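A predicted structure for the sequence below; I have some questions about it.
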Amino acid sequence: MTTVELSGSVLARELRAKLAETAAALTTAGVPPRLAVVVATEDESSAWYVRALAKAAAKTGIDCDVVDLGATAEPAEIRTKLAALSADPAVHGIILQTPLPPDAKAEELAASISPEKDVDGASPLSLGRISAGLPAFAPATAAAVLAVLDYYEVPLAGRHAVVVGRSTVVGKPAAQLLLARNATVTVCHSRTRDLGEQTRTADVLVVAAGRSRMITGEHVRPGAVVVDVGTNPGEDGGLVGDVDAESVRGKASALTPVPGGVGPVTTALLLSHTVGSASRGAP
Ligand SMILES: Nc1nc(=O)c2c([nH]1)NC[C@@H]1CN(c3ccc(C(=O)N[C@@H](CCC(=O)O)C(=O)O)cc3)C=[N+]21
């Protein structure tokens, strides 16, 4: 079977072009869209994402403030900053980068992000609204998974979607979004007994476990659509997915590449949410 590559870069480019127009119109109307990125980590993957966001924002005509509190920031300091940004009328989107210092809990701190500015769907309110099928910004990475599947017209209703990974930023919200689209959803994680037995039943396999090349051809049912959310640092400084593309190629009907898959769409959607917040004030 030939495996089609589901490029995210193509979709991201389209999204950014549309965004640039809306951002320009908002700026003309006196509401320049502004994103605030709060950082309290020296994590390399986070640093890369922050640079990518700042660069894409600049190209799209969105203001981007990086607020670096340092890797030793106290939870109280982070909370105060999030509250101040929430109260600032010039700021339309707020993202709190993960990971965080050991004594800070992202899910707890995100409660200090005003829901209408919660463009990465991190607050318990946003996550609850998504679970309830109410409008809210979904975490950008989870939203990107659905955006790629929709762009390539992968049917979801009645299909079996298996999500590997249960993080608050990706696995759990992705499962909720798939469920809202009438997929039958199974969520697997580190304590799942026989992972292959589960993943081989997937029509759509979404992998967001954060472990390099953990999914191989053996885990994949012939013809399945595989979405690789992993962006792990490789030995040679490159980027490695959670899926072993070489061994899955020829077996899956379609696969998102890393790099150039879900990642660029994540960045574009985060900016899209920010522009949405600037134009409506709420999701
Ligand atoms: N609150 C929060 N939300 C996040 O969404 C979040 C976060 N914290 N912390 C850090 C990770 C990392 N992350 C990436 C997003 C896009 C690419 C991406 O676009 N990567 C490029 C390639 C990069 C390269 O070539 O080095 C690609 O996949 O094509 C990577 C990593 C979001 N994260």
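Now that the structure is in, tell me what you want to look at.

tell me what whatever helix or strand Leu26 lives in is packed against?
In the assignment (DSSP states H and E), Leu26 maps to helix 8-28. Applying 3 or more Cβ pairs under 8 Å, 6 or more residues apart in numbering; DSSP states H and E, we find helix 8-28 packed against helix 44-60, helix 140-151, helix 262-280. Backbone N, C-alpha and C define where each C-beta goes, glycine included.

who wins for proximity to Gly70 among those?
Nearest of the helices and strands packed on helix 8-28 to Gly70, taken as Cβ to Cβ: helix 44-60 at 12.8 Å.

ok and the closest one relative to helix 140-151, angle-wise?
60 degrees (axes from the mean of the first three to the mean of the last three Cα atoms, to 10 degrees).

check whether helix 44-60 contacts the ligand.
Yes. Judged by Cβ under 6 Å from any ligand atom, helix 44-60 and the ligand are in contact via Ser45, Ser46, Trp48, Tyr49, Ala52.

if you count neighbours, what's buried in that helix?
Ser45, Ser46, Tyr49, Val50, Leu53, Ala54, Ala56, Ala57, Thr60 (16 or more other Cβ atoms under 10 Å).

kindly report the same for stretch 170-187.
Neighbour counts over stretch 170-187 (16+ other Cβ under 10 Å) mark 170-181, 183, 185-187 as buried.

out of the helices and strands packed on helix 8-28, which gets nearest to Val31?
Taking the helices and strands packed on helix 8-28 one by one with Cβ to Cβ, helix 262-280 is closest: 5.4 Å.

send the alpha carbons of stretch 249-269 over as CSV?
Extracted C-alpha coordinates of stretch 249-269, given in CSV (Å, rounded to 0.1, in the frame of the first residue of the first chain):
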residue,chain,number,x,y,z
ARG,A,249,5.2,3.6,5.5
GLY,A,250,3.7,1.1,3.2
LYS,A,251,1.3,0.0,5.8
ALA,A,252,-0.7,3.1,6.7
SER,A,253,-2.8,4.7,4.0
ALA,A,254,-1.7,8.1,5.2
LEU,A,255,0.8,9.6,7.6
THR,A,256,1.7,13.1,8.8
PRO,A,257,5.4,13.8,8.6
VAL,A,258,7.7,15.2,11.3
PRO,A,259,8.7,17.9,10.7
GLY,A,260,6.1,19.5,8.5
GLY,A,261,3.0,17.8,9.9
VAL,A,262,1.0,18.8,12.9
GLY,A,263,3.6,21.2,14.2
PRO,A,264,3.3,24.1,11.7
VAL,A,265,-0.6,23.8,11.9
THR,A,266,-0.3,24.1,15.7
THR,A,267,1.5,27.4,15.4
ALA,A,268,-0.9,28.7,12.7
LEU,A,269,-4.0,27.8,14.8
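
so for it, what's the average pLDDT?
Stretch 249-269 comes out with an average pLDDT of 98.

what's the offset of stretch 128-141 from the middle of its chain?
Centroid separation for stretch 128-141 versus its chain: 12 Å, with Cα atoms, centre = their mean, to the nearest Å.

so does that stretch get close to the ligand?
Yes. Applying Cβ under 6 Å from any ligand atom, one finds stretch 128-141 in contact with the ligand at Ala140, Thr141.

you'd agree Val225 is up against Ala252?
Yes. Between Val225 and Ala252 there is a contact under Cβ atoms under 8 Å: 6.7 Å.

mind listing the strands for this protein?
Under the criterion DSSP state E, the chain contains strands at 4-5, 34-39, 63-68, 93-96, 160-164, 184-188, 204-207, 225-228, 232-233, 239-240, 254-255.

what packs against the fifth one?
I take that to be strand 160-164. Against strand 160-164 (3+ Cβ pairs under 8 Å, 6+ apart) you get helix 171-180, strand 184-188, helix 195-199, strand 204-207.

what's the first one packed up against?
By that I understand helix 171-180. Right, helix 171-180 is packed against helix 124-131, helix 140-151, strand 160-164, strand 184-188, strand 204-207 by 3+ Cβ pairs under 8 Å, 6+ apart.

just want the angle from it to helix 140-151.
Using the same axes, to 10 degrees: helix 171-180 against helix 140-151 is 30 degrees.
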